[in-house]
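Peer 1: heads up, no residue letters with this:
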């Protein structure tokens, strides 16, 4: 039976994603998705999207602000743009999005049905039920404003939704997945991210069956009965309304095991406490040990050097890492920085080289030559093997070095005054 995979507090964050970054996010998001599907299949990509920690790390490695709720909107938008040209080839379709785009989800799913022959009616029903459950059945103080539906040609799906609490300036992200879904009203969420801001009404929980039955009985009885019950309750005679419920006490599900909780602070700065240093040291050591010799066949693009190998090591973990590897998503912002300059400006030259190298590896794998993708997989394995013993620079010295070399790598933020770099083609 599906269970939540964790939770996180996501501070609201204003601003916009500039074109120079959004096109690169789309390109990197596309090639990472292709690599995962090639190595593990479409269903595994849905599982990754349904994991809240992986989703946050995925956005961070693409240069978005590591801690903000804006990662949800930008990742969904990047995947929708990036996968559109290859959606038929890949067999994955991204529908919906933020605001008005979310309302187009049913029409887009019907189009998927026309293209693939998949049962679009069941997908549309799932989309509407998920949206209604998280906006009405789950009343937790957050108003939905984003609904993204990821569907495959196999009829499997994943939903990522996000709600906003303007008073607390926080967002809550909800993850759903069709795999092993016991039912829409049997504790169906794969995960819900966000801070509990008070009493939560969750009629989708399996233990709320009596409440759902009572509500249905009231609805069938018409407004007069509902008003009568409310009047009796308001008079203080709460017992008068009890016949609406079964007399037998429900058998509650056993208390779930504690789940990982990701606390994302309001501050923009990435601190050493946000990162598991042994994992960072393993990544840096693997990149240094690999060098250009071991990756000669992979790194054929002129100018690709050790800094790109380090970025590729972070990307390799996003592609191959187990769920437990993403408990510190801030670490993945050390691959390509952040658009607001935290932990350092986005190194455009490194970002572009990462995309080119990974795209070349995926393209070659499509033609039957998997050596390049295998090299990236080995890079991830080597990082995990080294992290238990290797030592490395302090976090502060690593960040200082990156900032000192920022101009060398074409470092850029949303406030940069120089001409924007050219867009990168998909």
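Peer 2: Cool, the structure landed. Everything quoted here is computed from the prediction, not taken from an experiment.

Peer 1: Residue 175 pairs with what?
Peer 2: Beta-bridge pairing for residue 175 (DSSP bridges): residue 160, residue 191.

Peer 1: Return the set of buried residues in stretch 269-278.
Peer 2: Of the residues in stretch 269-278, 270, 274-277 count as buried by neighbour count, 16 or more other Cβ atoms under 10 Å. Placement of C-beta: from N, CA and C, glycine included.

Peer 1: just stretch 324-334 next, same as before
Peer 2: Applying 16+ other Cβ under 10 Å to stretch 324-334 flags 325-326, 328-334 as buried.

Peer 1: Identify, from the buried residues of stretch 269-278, the entry nearest to residue 344.
Peer 2: residue 270 (9.0 Å; Cβ to Cβ).

Peer 1: quick one, what contacts the nearest residue to that closest one once chain neighbours are set aside?
Peer 2: In space, and not counting its chain neighbours, residue 270 is closest to residue 343: 4.0 Å by Cβ to Cβ, 6 or more residues apart in numbering. When contacts are counted by Cβ atoms under 8 Å, 6 or more residues apart in numbering, residue 343 is found next to 66, 269-270, 333-334, 337, 399, 402.

Peer 1: could you redo the last one with a cut-off of 10 Å?
Peer 2: Going by Cβ atoms under 10 Å, 6 or more residues apart in numbering, residue 343 touches 66, 268-271, 274-275, 330-331, 333-334, 337, 395, 398-399, 402-403.

Peer 1: cool, residue 350 as well?
Peer 2: Applying Cβ under 10 Å, 6+ apart, we find residue 350 in contact with 304-305, 307-308, 310-312, 335-337, 402, 405, 408-411.

Peer 1: again, 6 Å this time
Peer 2: 307-308, 311, 409 (Cβ atoms under 6 Å, 6 or more residues apart in numbering).

Peer 1: if I've got this straight, residue 163 is in a helix?
Peer 2: No: looking at residue 163 with DSSP: H, G, I helix; E, B strand; the rest coil, it is strand, so not inside a helix.

Peer 1: right, and it touches residue 172 too?
Peer 2: Yes: because the distance of 5.0 Å satisfies Cβ atoms under 6 Å, residue 163 is recorded as touching residue 172.

Peer 1: Quick check: neighbours shared by the two?
Peer 2: Shared contacts of residue 163 and residue 172, counting by Cβ under 6 Å, 6+ apart, come down to residue 142.

Peer 1: Pick out whichever of these two has more residues nearby.
Peer 2: Neighbour count, other Cβ atoms under 10 Å: between residue 163 and residue 172, residue 172 has more, with 27 against 22.

Peer 1: Now the phi/psi pair for that one, please.
Peer 2: Per-residue torsions, residue 172: phi -130, psi 130 (degrees, to the nearest 10).

Peer 1: now the one 5 residues further on
Peer 2: According to degrees, to the nearest 10, the main-chain angles of residue 177 amount to phi -150, psi 140.

Peer 1: Return the per-residue confidence for it.
Peer 2: On the pLDDT scale, residue 177 is placed at 86.

Peer 1: Please name the nearest non-neighbouring residue to it.
Peer 2: Per Cβ to Cβ, 6+ apart, closest to residue 177 is residue 50, 3.9 Å.

Peer 1: quick one, what contacts residue 98?
Peer 2: 73, 146.

Peer 1: should've said residue 340
Peer 2: Residue 340 neighbours (Cβ under 6 Å, 6+ apart): 65, 268.

Peer 1: Repeat that for residue 425.
Peer 2: Residue 425 neighbours (Cβ under 6 Å, 6+ apart): none.

Peer 1: And it, how far from residue 86?
Peer 2: Distance of residue 425 to residue 86, given as Cβ to Cβ, to the nearest Å: 13 Å.

Peer 1: Confirm that residue 79 sits in a strand.
Peer 2: No: counting by three-state DSSP, residue 79 falls outside a strand, being helix.

Peer 1: Helices along the stretch 1-150 of the chain, start to end?
Peer 2: 19-40, 42-49, 52-61, 70-83, 87-90, 100-103, 105-116, 120-132 (DSSP state H, counting those that start in this stretch).

Peer 1: Need those in CSV (columns: mean pLDDT).
Peer 2: Shown next, in CSV, are the helices of the stretch 1-150 of the chain (pLDDT from 0 to 100):
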stretch, mean pLDDT
helix 19-40, 97
helix 42-49, 95
helix 52-61, 95
helix 70-83, 96
helix 87-90, 96
helix 100-103, 94
helix 105-116, 97
helix 120-132, 91
